[in-house]
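> Fold the following for me, if possible:
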Amino acid sequence: MIETASSLLSCVPDEWGPQFETDSGAVTRTLTGPNSISFKAPSHMALVMLTPQPGREVSLNSDRKSVFLAPVGTMEIVPAGTDLFARWKTAKENILLALAPKQLSKLAGLEFGREDFEFRPLAAGHVDEKALLLAQLVREEFRRGEPENHLYMDSLLTVFSTYLLRNYSTFQDNPASRHRGGLSPKAWRDVQDYIRANIGEQLSIERLALLAGLSPSHFLRAFKLTAGRSPHQYVLARRLELAEHLVITTDMPLTQIARLTGFANHSHLTATMRRHKFTTPSALRRARTIR
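Numbers count the residues shown, from 1 in each chain. Modelled structure (predicted):
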């Protein structure tokens, strides 16, 4: 099931599309026909268009509306507390990120060394191809039709948030330093130990990065250099290995194994194992019995 975001996306009607929340923020894939919306942003928001919007109307903190063509890839940033009005005349699909001010300030401190920043205004119809790529990755995760990979979504939100700060805020002229190389041996041990000890829990990039003593974006790069795969891929592989081990060596109910290894339910474990291992927990257990 899709997790429902709380107050970060409270201004967006639930019927417009699925919502998902992680430690890094919330995101929704909205699909709605001709419509309009008006609200005071409860969080920092970034919208990326997945369909073109001719004649889009937008106003920020003003009664004066801009009317413009919004091509696919158009990005709009709405800082927290901004009064927004938007209207569109054709069916619309977009990805909308909602980032809590305190959490984004914390990320700014980790990435850039200070927490105070302001977003810079964008020209109407501004297209960002990199933001579009990230938005498409988020859309694909929603389209899967099964419980989302929480750590993967958290990674995408972390990357997206850092990208916004680096390219569209007052940090634009003061880029973050680049971490080179992988994790230190101690950091790698600490991260692996933490993942093993919490394999059945929802893990976050921020917490793993803190263990490694790196900012979230630096951690993502260093982890991949060290492990040869991203954190969410690594964690998924460990979860599947443990689940397979428990299926074969114990009589534990499959629903309990799914819960202990971080899957939403038995069906989620089965679908994931079939996709990545080309087998299922039930098939593994039957094969054990035959032997």
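
> Start from the N-terminal end of the stretch 1-150 of the chain and give the helices.
Here the stretch 1-150 of the chain has its helices, by DSSP state H, counting those that start in this stretch, at 101-112, 129-143, 150-168.

> taking the mean pLDDT, what do you get for the first one?
This points to helix 101-112. Averaging pLDDT along helix 101-112 yields 93.

> relative to helix 150-168, how tilted is that helix?
70 degrees (axes from the mean of the first three to the mean of the last three Cα atoms, to 10 degrees).

> which stretches of this protein have low pLDDT?
Applying pLDDT under 70 to the chain flags residues 1-6, 146-148, 174-179, 289-291.

> Show me the contact partners of stretch 114-133.
44, 46, 48, 50, 58, 60, 66, 68-77, 79, 105-106, 108-109, 160, 163-165, 167-172 (Cβ atoms under 8 Å, 6 or more residues apart in numbering). To be clear about C-beta, it is placed using only N, CA and C from the backbone, and glycine gets the same treatment.

> how about a cut-off of 7 Å?
Residues from elsewhere that reach stretch 114-133 (Cβ atoms under 7 Å, 6 or more residues apart in numbering): 48, 58, 66, 68-77, 79, 105-106, 108-109, 163, 165, 168-172.

> what about burial for those residues, which qualify?
The neighbour-count test (16 or more other Cβ atoms under 10 Å) marks 48, 58, 68, 70, 72-77, 79, 105, 108, 163, 165, 168-169, 171 as buried among those.

> which residue ranges form the strands in this structure?
19-22, 25-32, 35-40, 44-49, 53-60, 66-70, 75-78, 83-88, 92-99 (DSSP state E).

> Show me the one of those strands that comes nearest Q233.
Set against Q233 and scored by Cβ to Cβ, the strands of the chain come closest in strand 19-22, at 16.8 Å.

> Now do that closest one: which elements does it pack against?
strand 25-32, helix 150-168 (3 or more Cβ pairs under 7 Å, 6 or more residues apart in numbering; DSSP states H and E).

> What strands line up against the shortest one, and which way round?
Sheet neighbours of strand 25-32, with direction, are listed as strand 19-22 (antiparallel), strand 92-99 (antiparallel) (DSSP bridges).

> picking up where we left off before, could you dump the helices and strands packed on strand 19-22 to JSON lines with distance to T90?
Shown next, in JSON lines, are those (distance: least, Cβ to Cβ, whole Å):
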{"stretch": "strand 25-32", "distance to T90": "10"}
{"stretch": "helix 150-168", "distance to T90": "26"}
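
> so which of those comes closest to N198?
helix 150-168 (11.2 Å).

> Let me see the contact set for H232.
Neighbours of H232 in contact, by Cβ under 7 Å, 6+ apart: N149, L151, Y152, S155.

> Closest one of these to L269?
Closest to L269 out of the contacts of H232 is N149 (12.9 Å), distances taken as Cβ to Cβ.

> Quick check: closest non-adjacent residue to the closest one.
Of all residues beyond its chain neighbours, the one nearest N149 is H232 (5.5 Å), with distances taken as Cβ to Cβ, 6 or more residues apart in numbering.
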